[in-house]
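Visitor: Have a look at this prediction, sequence included:
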Amino acid sequence: MTRFSANLGFLWTELSLPDAIRAAQAAGFEAVECHWPYDTPPEDVAAALADTGLPMLGLNTRRGDLRAGETGLAALVGRTDAARAAIDEALAYAAAIGAGAVHVMAGKAQGAAARAVFADNLRHACAQASDTGRMILIEPLNAHDAPGYFLNNTAQAADLIAEIGAPNLRLMFDCYHVGRTEGDVIAQLRTLWPLIGHIQFAAVPDRGPPDHGQVDYAVVFAELARLGWNRPLGAEYRPMGTTEASLGWMGHLR
C-alpha cells in the first residue's frame, strides 16, 4: 500500500503547525513534512508528533530576506555566513523534533561562482549532519514557478551530488517540478533512482491535487512500488478550496 506524507507548507495552512499535524493524522496520512517551522516552538511540534505518532520527514532552510525576494541563501556569493547559520539552525530544529532531513535551499543565483559557493555550503551541511543520521536534500525548482533559482534541473543536482560524494546528500525528486520542465517523470525516476532521498507530487501543470493533469499518478506510484520505494510520498500540492475537500485522491491512489 502506498503511504503518504502531508506537506504542511501547503496543506492545512490555516492551522497552527501542531494542529495541522493532528489534522493530517486524522485524515489518514502516515507522515508529515513542512517548509519553514521556525515561528513555532519546537517543543510544541514535538508534542504534536508524539501525540499522533507521525514522523516529520523534513523541513527547509530559511529563505532569507523575503522583502528582497530571496528564496534561499546557499548559492549566494558573499552570503556564506548567513547560509551556514541557516543550515545550522535547520539542523538544530530538525534534531529537536526528530525530523529526518533538511532541504538546503540554493536561492536565486547564476554562474560558476554560485555553484562553487553552493557546493561548499552543501559540504558544510553534510558534515554537520553526518553523525546524526539525517539526510541533506537538494531540490531543483522549475523556472516557471521559481525564475532565477540556481538549481533548476535534475542534471545539475546529479552533478553536484556526484562531485560532493557525501553519502547523506540526496535528491528531493518533486514529480511536479520534473513534470513541468523535464517531461517524462517515470523515465527520470528510473535514471535518478540511486540518488533519490525523498519524492513529492502534485498535478502538472497547475500544482493542484494529483487526481488530474498531465501526469497519471496511478502509473507513477505503481512504478515506484515496482522499483521498491517503501517510504511515504510527499503530497505537496495546493488545495482548490479546503484541504479536507481536496483529499478524494487518497483512496484510489493509495
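Guide: Thanks, I have it.
Visitor: residue contacts, A143?
Guide: 149, 152, 181 (C-beta atoms under 8 Å, 6 or more residues apart in numbering). (Glycine included, C-beta is placed from N, CA and C.)
Visitor: How about the first one: what's its closest non-neighbour residue?
Guide: Put plainly, it is Y149. Spatial nearest neighbour of Y149, chain neighbours left out: L141 (4.6 Å); criterion: C-beta to C-beta, 6 or more residues apart in numbering.
Visitor: Name all residues that make contact with the one you found.
Guide: By C-beta under 8 Å, 6+ apart, the residues touching L141 are 71, 149, 151-152, 174, 177.
Visitor: Then A158?
Guide: A158 makes contacts with 171, 192, 195, as judged by C-beta under 8 Å, 6+ apart.
Visitor: so of the residues you listed, which ones are in strands?
Guide: The strands in this structure, assigned by DSSP state E, contain L171 from the contacts of A158.
Visitor: Buried residues of stretch 230-241, list them for me.
Guide: Judged by neighbour count using 16 or more other C-beta atoms under 10 Å, the buried positions of stretch 230-241 are 231-237, 239.
Visitor: Repeat that for stretch 204-216.
Guide: Of the residues in stretch 204-216, those scored as buried under the neighbour-count criterion (16+ other C-beta under 10 Å) are 204, 207-211, 213, 215.
Visitor: Show which residues not belonging to that stretch make contact with it.
Guide: Under the criterion C-beta under 8 Å, 6+ apart, residues 144-145, 175-176, 179-180, 185, 201-203, 217, 235, 237-240, 246-249, 252-253 lie in contact with stretch 204-216.
Visitor: model confidence over that stretch, on average?
Guide: For stretch 204-216, mean pLDDT is 97.
Visitor: distance of the nearest residue to L76 once chain neighbours are set aside from T181?
Guide: Nearest-residue entry for L76: G107, 5.0 Å, with adjacent residues in sequence omitted and distances by C-beta to C-beta, 6+ apart. In this structure, G107 and T181 are 18 Å apart, going by C-beta to C-beta, to the nearest Å.
Visitor: swap in L59?
Guide: Computed as C-beta to C-beta, the L59 to T181 distance reads 24 Å.
Visitor: Neighbour count: the two, which is higher?
Guide: With other C-beta atoms under 10 Å as the criterion, L59 and T181 differ in neighbour count, and L59 comes out ahead with 24 against 17.
Visitor: so what pLDDT did that one get?
Guide: Per-residue confidence for L59 comes out at a pLDDT of 98.
Visitor: Would you check that it makes contact with W36?
Guide: Yes: with contact defined as C-beta atoms under 8 Å, L59 counts as touching W36 (7.2 Å).
Visitor: Would you state the strands of the stretch 1-150 of the chain in chain order?
Guide: Ranges of strands in the stretch 1-150 of the chain, per DSSP state E, counting those that start in this stretch, are 4-7, 31-33, 59-60, 101-103, 135-138.
Visitor: Can I get these in a markdown table including distance to V45?
Guide: As requested, the strands of the stretch 1-150 of the chain are exported to a markdown table (distance: least, C-beta to C-beta, whole Å):
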| stretch | distance to V45 |
| --- | --- |
| strand 4-7 | 14 |
| strand 31-33 | 9 |
| strand 59-60 | 10 |
| strand 101-103 | 15 |
| strand 135-138 | 19 |
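Visitor: so which of these comes closest to G53?
Guide: strand 31-33 (10.0 Å; C-beta to C-beta).
Visitor: Helices of the stretch 101-250 of the chain, start to end?
Guide: The residue ranges that make up the helices of the stretch 101-250 of the chain, judged by DSSP state H, counting those that start in this stretch, are 112-129, 154-164, 175-181, 185-192, 217-227, 249-253.
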